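> heads up, no residue letters with this:
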């Protein structure tokens, strides 16, 4: 009497692995390093931390084998990373542009108002007598 598990009498063919048209899609990226960078260095409105949370979720789902959920979390992590990076690059540039234009405007205003605030002593001394 054979008590082992039933065996299949044929060997499965591996033709799908040899055929290049049946390649599996690559696993989704989790963007973990980018999220850590945004969390530590450029944390604009805590978007880097939110991206880090979604990156960790994407990595967990990828390890668990749930590729579709990993893709969704990876997409959200990428979106928050882009927003955090753009906000951290654009806002300082915008602030610098505002400071520069403000300084230029104030210097022009100061040059124009110099004549208004200076009292000129001219040759008419009749008013003093």
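That came in fine, so what should we check first? All of these numbers come straight from a predicted model, not from anything done at the bench.

> Number of residues surrounding the nearest residue to residue 39 once chain neighbours are set aside?
Once flanking residues are discounted, residue 39 sits nearest to residue 48: 3.9 Å by Cβ to Cβ, 6 or more residues apart in numbering. Every C-beta, even on glycine, is put in place using the N, C-alpha and C of the backbone. The number of residues packed near residue 48 is 26, by other Cβ atoms under 10 Å.

> Residue 48 contacts residue 38, correct?
Yes: counting by Cβ atoms under 8 Å, residue 38 is a contact partner of residue 48 at 3.2 Å.

> what touches both of the two?
Common contacts of residue 48 and residue 38 (Cβ atoms under 8 Å, 6 or more residues apart in numbering): 81, 84.

> So which other helices or strands are in contact with whichever helix or strand residue 38 is part of?
Assigned by DSSP states H and E, residue 38 falls within helix 32-40. With contacts taken as 3 or more Cβ pairs under 8 Å, 6 or more residues apart in numbering; DSSP states H and E, helix 32-40 sits against helix 47-64, helix 67-117.

> Thanks a lot, catch you later.
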